[in-house]
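Colleague: What follows is a predicted structure for the sequence shown.
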Amino acid sequence: MIKRMIIMLIVVGIILGGIFGFITFKGRMIKKFMSSQGIPVQTVSTITANYLEWLPKLEAVGSLQAVQGGNMSAEVAGIVEKIYFKQGDNVKLGTPLLQLRANDDIAKLESLKATAQLARITYNRDQAQFSVNAISKQTLDIDKANLDIAIANIAQQQALVDKKLIRAPFTGRLGIRLVDVGQYLAVGTAISTLQALDTLFVDFFLPQQALKSLAIGQKVTLNTDVYAGQAFTGDITVINPKVDINTRNVQVRASLNNPDHKLLPGMYATVNIATGQAQRYITLPRTTITFNAFGSTVYRVDTSGQDEKGKPNLIAKQSFVTTGDARGDQIAILSGVKEGETIVTTGQIKLRNGSPVNVDNSIQPSNDATPQPKDQ
């Protein structure tokens with residue numbers, strides 16, 4: 001019985017020894033195979049670091065509005081009798097736009113004119129009588145007061161009649177007609193919009209720290225996605241004398257000429273204000289920078305010998321950099337990169353210091369100083 005137990009233990013030991021030996025051998029062979037393979041080559045895209053001139057500037061998003069513009073409406077209520085304008089017309093100051101029914105008001109005006117004519121005749125006759133002392137001075141004064149009241153009533157009624165004819169208060173372009181003939185028009189009901197498009201305002205906000213860089217008459221440049229690649233220029237005309245207590249921003253208004261009427265009130269635009277002389281910076285796409293808590297880094301592509309075919313071996317070297325201002329897709333590099341160095345733009349997530357790389361620049365990240373939104 002003891003002999004059988006010893007034999008069984010020996011057999012179990014041999015089996016377990018074989019299993020552990022095989023596992024050790026397998027691990028050793030896998031390690032040897034992995035070592036023979038080396039570090040895998042990673043495909044990246046690159047860019048050559050170069051200097052670009054940067055013009056220091058302030059940037060904000062502004063809203064356009066007409067120097068003169070608003071909805072046309074009536075001061076008095078009434079029924080629309082005639083419409084003189086067409087939608088989208090360019091009209092001049094004083095052009096009749098709409099007539100409200102005014103028959104009753106005109107009839108009353110004629111009645112008041114007759115009353116005033118009688119008061120004038122009475123006053124002139126009494127003047128003659130007063131000159132020969134036929135009436136008292138009091139009677140003449142009453143006649144003069146009656147004439148003045150009659151004239152004032154005419155002026156009041158004439159003003160009411162005039163308000164029934166709505167005219168263009170300034171030169172501009174009309175919009176969509178909002179009323180029809182026969183419609184009852186309440187006080188303040190919009191008839192159409194009228195916008196003077198020759199000159200526009202652009203209003204925008206900047207942080208209070210920007211006040212030291214702003215001045216009346218300073219040039220501004222506007223860009224809008226409606227006219228990609230085209231810039232519009234204007235001048236700062238007003239700097240609000242109060243900073244918003246909630247946002248600590250100051251409102252700024254600039255004026256610009258719009259002779260072709262390309263820009264319309266209500267549009268938004270990117271406003272740029274140059275604040276100094278141009279400076280030269282090494283500039284890279286934002287995608288080249290890896291931002292970490294311990295610092296910003298880039299991967300530089302260096303050459304390390306040649307392979308068996310005589311081609312240079314490319315390896316990635318990590319470098320710490322100091323970044324500056326950004327504009328669009330670009331960022332300024334203050335230190336850590338030299339002109340002419342090859343910098344990885346995409347694929348950094350796969351790299352570590354010393355990783356072999358293969359360069360494929362068939363696809364490059366965006367590197368535009370003034371990127372514009374694109375429709376999908």
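Modeller: Nice, thanks for sending it over.
Colleague: who does the strand ranked longest in the chain touch, helix- and strand-wise?
Modeller: Counting residues, the longest strand in the chain under DSSP state E turns out to be strand 312-327. Using 3 or more C-beta pairs under 8 Å, 6 or more residues apart in numbering; DSSP states H and E, the elements in contact with strand 312-327 are strand 295-306, strand 330-335, strand 357-359. For glycine as for every other residue, the C-beta is placed from the backbone atoms N, C-alpha and C.
Colleague: Distance from the last one to the middle of the chain?
Modeller: Strand 357-359 sits 41 Å away from the centroid of its parent chain (C-alpha atoms, centre = their mean, to the nearest Å).
Colleague: what's the answer for the second one, then?
Modeller: Centroid displacement of strand 330-335 relative to its chain, using C-alpha atoms, centre = their mean, is 26 Å.
Colleague: Measure how that strand sits relative to strand 295-306, angle-wise.
Modeller: Per axes from the mean of the first three to the mean of the last three C-alpha atoms, to 10 degrees, the angle that strand 330-335 makes with strand 295-306 is 80 degrees.
Colleague: Settle this for me: residue 81 is touching residue 100, isn't it.
Modeller: Yes - in terms of C-beta atoms under 8 Å, residue 81 counts as a neighbour of residue 100; the distance is 6.1 Å.
Colleague: Neighbour count: those two, which is higher?
Modeller: Taking other C-beta atoms under 10 Å, residue 81 and residue 100 do not tie; residue 100 has more neighbours (20 against 15).
Colleague: Please name the bridge partners of the more buried one.
Modeller: residue 80 (DSSP bridges).
Colleague: Okay, and residue 110 sits in which element?
Modeller: helix 103-131 (DSSP states H and E).
Colleague: what is the rounded mean pLDDT of that helix?
Modeller: Mean per-residue pLDDT for helix 103-131: 92.
Colleague: chain center to the longest helix seen in the chain, what's the gap?
Modeller: Across the chain, the longest stretch assigned as helix under DSSP state H is helix 2-37. Distance, stretch centre to chain centre, for helix 2-37: 73 Å (C-alpha atoms, centre = their mean).
Colleague: other SSEs contacting the helix or strand that that helix is followed by?
Modeller: Tracing the chain past helix 2-37, the next element assigned as helix or strand by DSSP H and E is strand 42-48. Helices and strands in packing contact with strand 42-48 are listed as strand 295-306, strand 342-346, strand 357-359; criterion 3+ C-beta pairs under 8 Å, 6+ apart.
Colleague: Partner strands of strand 42-48 and their direction?
Modeller: Strand pairing for strand 42-48, using DSSP bridges, gives strand 342-346 (antiparallel), strand 357-359 (parallel).
Colleague: And those strands: which comes nearest residue 244?
Modeller: Residue 244 lies closest, by C-beta to C-beta, to one member of the strands paired with strand 42-48: strand 342-346, at 40.0 Å.
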